[in-house]
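K.L.:
Requesting a structural model of the entry that follows:
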Amino acid sequence: MKQRYLIALGSNRRHHRHGDPRGVVRAAFAALDRKGLKLKAASPVVASAPLGPSRRRYANAAALVKTDLAPDALLERLKAIERRFGRRGGGQAWSARVLDLDIALWSGGAWASPGLTIPHVSLRARRFVLAPAVKIAPTWRDPLTGLTLRHLLARLERRRLR
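P.N.:
Predicted coordinates for the structure are as follows:
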C-alpha cells in the first residue's frame, strides 16, 4: 500500500558534481524520485542559519514522497542516498554535511523504532523544516498534537516574536 512521507532536506557543503548546497538539494529531489519512490511535491529551497558548531548556512527544503516502503525501510533508503552524495556516518552532530534527509511525517501517524521516531522529534521547533513543509502540505496534521503544519509554524513564529 502506498504511504506518504514528508521528508526534510538540508545541505551546507558543496558537492563535486551538484555544486553549492542549493544544487545539492535540487539533485536530492531527483534522487527521491527513483526506485520505488515517487516525488509528489517539492518545496522551494530556503536558506537558514546553522545549528550547533557548523558556521555554514544551510539550504533546506521539504518533499512529499509516495512509496510502498515501511518507515524503517525508507530510512535505510534515505541513508543510502545520503551516502551516495558523500555523507559519512559517525560525524559530529550538527556538523557541516553534504546532505541530510529526515523523515518528518508519515501518513500512517506516529512511529517509533530504534533509530527512528515519527513525527521527527524536533519537527515542532524547526522553522527550517516547517516553513518549506507548509508550502507543499499546509494541512497535514501532526499526529501527536492534531495541529496542521500551518498552525505549528504560526505557533513557532509567535514564540519567536516574543
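K.L.:
if I pick the closest residue to residue 17 other than its chain neighbours, what's in contact with it?
P.N.:
Counting by C-beta to C-beta, 6 or more residues apart in numbering, residue 17 lies nearest to residue 27, which is 7.8 Å off, once chain neighbours are set aside. Backbone N, C-alpha and C define where each C-beta goes, glycine included. The neighbours of residue 27, taking C-beta atoms under 8 Å, 6 or more residues apart in numbering as the test, are 15, 17-18, 85.
K.L.:
got a markdown table for those residues, with neighbour count and distance to residue 60 too?
P.N.:
Output for those, formatted as a markdown table (neighbours: other C-beta atoms under 10 Å; distance: C-beta to C-beta, whole Å):
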| residue | neighbour count | distance to residue 60 |
| --- | --- | --- |
| 15 | 17 | 16 |
| 17 | 10 | 20 |
| 18 | 20 | 16 |
| 85 | 21 | 15 |
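K.L.:
Identify the farthest-apart pair in these.
P.N.:
17 and 85 (9.2 Å; C-beta to C-beta).
K.L.:
phi, psi of residue 143?
P.N.:
Main-chain torsions, residue 143, degrees, to the nearest 10: phi -70, psi -20.
K.L.:
Flag the shaky bits of this structure, pLDDT-wise.
P.N.:
Applying pLDDT under 70 to the chain picks out residues 52-54, 89-96, 162.
K.L.:
Swap in 90 and give it another go.
P.N.:
Scanning the chain for pLDDT under 90 picks out 1, 13-15, 35, 48-57, 86-98, 158-162.
K.L.:
in it, which spans are strands?
P.N.:
Counting by DSSP state E, the chain has strands at residues 3-11, 37-42, 46-48, 58-67, 100-106, 111-113, 116-118.
K.L.:
among these, which is nearest residue 126?
P.N.:
Ranking the strands of the chain by distance to residue 126, with C-beta to C-beta as the measure, places strand 3-11 first at 7.8 Å.
K.L.:
Quick one: list the elements packing against that closest one.
P.N.:
helix 21-31, strand 58-67, helix 71-84, strand 100-106, helix 127-136 (3 or more C-beta pairs under 8 Å, 6 or more residues apart in numbering; DSSP states H and E).
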